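Q: The following comprises the amino acid sequence and a computationally predicted model.
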Amino acid sequence: MFGVLIVDDEEPVLDSYEFMLNTFSERNLSENAYSESKDKPFTLAGKARTGYEALKLIHEKQPDLVFMDINIPGIDGLSVLEDIYKKYPRMVCVLSTAYERFDLAKRAIPLGVFAYLVKPVSKKTFFDTLENALSQLRSLPPEISEYSEPRLALFRRDIWKPMDEQCWLWYREKLSLPSDFGLAFMVELDQNMEIWGTRIAEQLSFKHHCSYDIILKRGLFLISEDLNADVFRQKTEKILEDLLNGLNWCFGLGGLYRGPLLYRSCSEALAELTAKRQETDAWSMVSKKISFLRQKIGLLPLEEVKALFASVWEPLFAEDFNNAKLRMISVFTLLLDDLYGTLSVRNSLSKNFSGASLPFDPVEIMTLPDLGSWKRWAEINFDKVVLQANLERQGNYPLPLVKAITFIRENYTRGIRLNNTAEAASVNPAHLSRLFSEHLKTNFIDYLTTLRINEAERLLKEKSITVKEAAFAVGYQDPNYFSKAFKKLKGILPTEVRGQE
């Protein structure tokens, strides 16, 4: 049975981790009821809320596994690990933090940190981490000295900091490294890194001396050879593309350095990997906005749709102009396909086969020379898309729903309700509620609230009015109730809008 120490300054996190730890141990014991061992795999050794308390319990309890939050009062989590990692080399440490940062990862890796969790931590992630930690603890030899496992010591500690000549020569001899030079690269993917890391190393070992380990769920590979880094990059990326076809993966490569300076290659590889992952995450956020734009175009007021469209292209054009243009061709192609292919099934066949041309060709974007010309082109052609979307959307809605939407948009500043909206649409309230649910995937109150709050946000941004005036302008008679509704929908108070701008 392995002892576990949980370190976090938030009581709910401590309770949650303890509950998941006990659940995992009970489940593991139940699944292995017929094995020789009748003990749970883990037991709680203690909980700490500050760095000083963590140090005290580590020295007293000497736990096998530690879940360490970085941002704790007193001594921070990384400083605690720096203080104890040499004294307790067998201890498996798992870091947790509210967000991932390159500088923290760079400090954590030389300390032999086993895993790096970004809160909030899901039950599956926590269980997977416990499973991996259990395998690691069970695989440790009865005793371990500082250099009894040279590869482990190199990859998890010494390769991340400058080495003296004697230390490097020791590693060259123990690991049979054929060259005094080498480079490092890292791979991150959304599958089992142990399986794919071994396959990557096997492929590279046909032509290179390659060794690897898993650091913070990423594969770290060391190539011991005096070679051309650019040529190696091209060949390795081709190998990864063929081997990891269909997987979500990311690759970072460091430069060629002599052994004592290999830490620079590791840092460069981690920095490139982190930058690529952040770029991928940024595009993922833009992709979600594109999806939302495709859902809402033709439903939201014109100014709101334009603001949503701007939130799509502005971050793209802040980077490389030509790459951004290629991506905007994709965006407009999707919008046109929605309008002329799927939104109006009844009309799309006659449009597509009657020889009617589209209002513009998205490929025109590639001829635009600068950001100013893009803005002019986008303003003209996006308006065409919005106009067509309004016609298509309303053409596919039942007439009572179109009447209701029109009534709401014309009267949302007044005290309208479901009853008088249904009366304006010439249906009963229950039937109108079903129409909102079936066609707009929302209800009457949420639709009205979203319309009002979005308009209030626009007024607060564009005009010098108070929160109270904004509330009255969009149909709220109680400014306090308005502020609560605004906070619930937007995540901030209306008083924070201008500060955010």
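A: On my side now, so go ahead. Computed from a predicted structure; not experimentally measured.
Q: any idea which helix or strand comes after the longest strand belonging to the chain?
A: The longest strand of the chain (DSSP state E) is strand 181-189. Later in the chain than strand 181-189, the nearest helix or strand by DSSP states H and E is helix 193-204.
Q: Direction included, what does the next helix or strand after that following helix pair against?
A: Going down the chain from helix 193-204, the next helix or strand is strand 210-215, by DSSP H and E. Its sheet considered, strand 210-215 pairs with strand 218-224 (antiparallel) by DSSP bridges.
Q: Enumerate residues external to the strand it pairs with that contact any of its residues.
A: 154-155, 159, 177-179, 181-188, 193, 196-197, 200-201, 204, 208-214, 232, 262, 266, 269, 273 (C-beta atoms under 8 Å, 6 or more residues apart in numbering). Every C-beta, even on glycine, is put in place using the N, C-alpha and C of the backbone.
Q: Show the buried residues in the residues you listed.
A: 154-155, 159, 177, 179, 181-188, 193, 196-197, 200-201, 204, 208-214, 232, 262, 266, 269, 273 (16 or more other C-beta atoms under 10 Å).
Q: next SSE after the helix or strand of the chain with the lowest mean pLDDT?
A: The weakest-scoring helix or strand in the chain, judged by mean pLDDT, DSSP states H and E, is helix 345-353 (a mean of 35). In the C-terminal direction, the helix or strand that comes right after helix 345-353 (DSSP H and E) is helix 371-396.
Q: name the helices or strands packed onto the longest helix belonging to the chain?
A: What stands out as the longest helix in the chain, according to DSSP state H, is helix 262-296. Judged by 3 or more C-beta pairs under 8 Å, 6 or more residues apart in numbering; DSSP states H and E, helix 262-296 is in contact with helix 102-108, strand 181-189, strand 218-224, strand 249-253, helix 302-317, helix 321-337.
Q: how distant is that helix from the center of its chain?
A: Centroid separation for helix 262-296 versus its chain: 8 Å, with C-alpha atoms, centre = their mean, to the nearest Å.
Q: quick one, that helix and helix 371-396 angle?
A: In terms of direction (axes from the mean of the first three to the mean of the last three C-alpha atoms, to 10 degrees), helix 262-296 departs from helix 371-396 by 40 degrees.
Q: Helix 262-296 vs helix 302-317, what angle?
A: 160 degrees.
Q: Give me the mean pLDDT for helix 262-296.
A: In this model, helix 262-296 has an average pLDDT of 81.
Q: go on, stretch 18-38?
A: 73.
Q: just stretch 71-89 next, same as before
A: The model assigns stretch 71-89 a mean pLDDT of 85.
Q: Equivalent analysis for stretch 470-490, please.
A: Rounded mean pLDDT across stretch 470-490 is 90.
Q: now do the same end-to-end measure for that stretch.
A: 15 Å (C-alpha to C-alpha, to the nearest Å).
Q: So what touches it?
A: Everything outside stretch 470-490 that qualifies as a contact, by C-beta under 8 Å, 6+ apart, is 412-416, 449-450, 452-453, 455-457, 459-460, 465, 467-468, 492-495.
Q: which of those are buried?
A: Buried among the contacts of stretch 470-490 by 16+ other C-beta under 10 Å: 412, 416, 449-450, 452-453, 455-457, 459-460, 467, 494.
Q: Redo those residues as CSV? Include distance to G3, secondary structure and pLDDT.
A: Shown next, in CSV, are the buried ones among the contacts of stretch 470-490 (distance: C-beta to C-beta, whole Å; DSSP: H, G, I helix; E, B strand; the rest coil; pLDDT from 0 to 100):
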residue, distance to G3, secondary structure, pLDDT
Y412, 61, coil, 88
I416, 63, coil, 90
T449, 51, helix, 92
T450, 51, helix, 89
R452, 56, helix, 91
I453, 51, helix, 91
E455, 58, helix, 85
A456, 55, helix, 88
E457, 52, helix, 85
L459, 59, helix, 83
L460, 54, helix, 84
V467, 54, helix, 89
P494, 51, helix, 88
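Q: for these, which one is nearest D383?
A: E455 (19.9 Å; C-beta to C-beta).
Q: Count the residues that sit near the nearest residue in space to that closest one that is not next to it in sequence.
A: Excluding the flanking residues, the one nearest E455 by C-beta to C-beta, 6 or more residues apart in numbering is V474, at 5.1 Å. When neighbours are defined as other C-beta atoms under 10 Å, V474 has 21 of them.
Q: Please apply the same query to S79.
A: 15.
Q: mind checking how far D383 is from F360?
A: From D383 over to F360 the distance is 11 Å, taken as C-beta to C-beta, to the nearest Å.
Q: shared neighbours, the two?
A: Joint contacts of D383 and F360 (C-beta under 8 Å, 6+ apart) do not exist.
Q: Tell me which residues of the longest helix of the chain come out buried.
A: In helix 262-296, counting by 16+ other C-beta under 10 Å, buried: 262-274, 277, 286, 289-290, 293-294.
Q: now stretch 293-309
A: Result for stretch 293-309 [16+ other C-beta under 10 Å]: buried residues L293, R294, I297, G298, L299, L300, E304, V305, K306, L308, F309.
Q: Stretch 15-34 too?
A: Result for stretch 15-34 [16+ other C-beta under 10 Å]: buried residues S16, Y17, M20, L21, F24, S25, N28.
Q: Please produce CSV containing these, extended by distance to V4 and secondary structure.
A: Output for the buried residues of stretch 15-34, formatted as CSV (distance: C-beta to C-beta, whole Å; DSSP: H, G, I helix; E, B strand; the rest coil):
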residue, distance to V4, secondary structure
S16, 14, helix
Y17, 9, helix
M20, 11, helix
L21, 6, helix
F24, 10, helix
S25, 9, helix
N28, 13, helix
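Q: Could you single out the nearest of those residues to F407?
A: Minimum distance to F407 across those is 47.4 Å, recorded for S16 (C-beta to C-beta).
Q: any idea how far K119 is from the closest one?
A: Counting by C-beta to C-beta, the gap from S16 to K119 is 10 Å.
Q: Also A424?
A: A424 is 48 Å from K119, by C-beta to C-beta.
Q: more neighbours, those two?
A: A424 (18 against 12).
Q: Is that one located within a helix, as I assumed?
A: Yes: assigned with DSSP: H, G, I helix; E, B strand; the rest coil, A424 falls within a helix.
Q: Per-residue confidence at it, what does it come out as?
A: Reported pLDDT for A424: 89.
Q: dump the residue contacts of it.
A: Here A424 is in contact with K403, A404, F407 (C-beta under 8 Å, 6+ apart).
Q: again, but for F407
A: With contact set as C-beta under 8 Å, 6+ apart, F407 has these partners: I416, T421, A424, A425.
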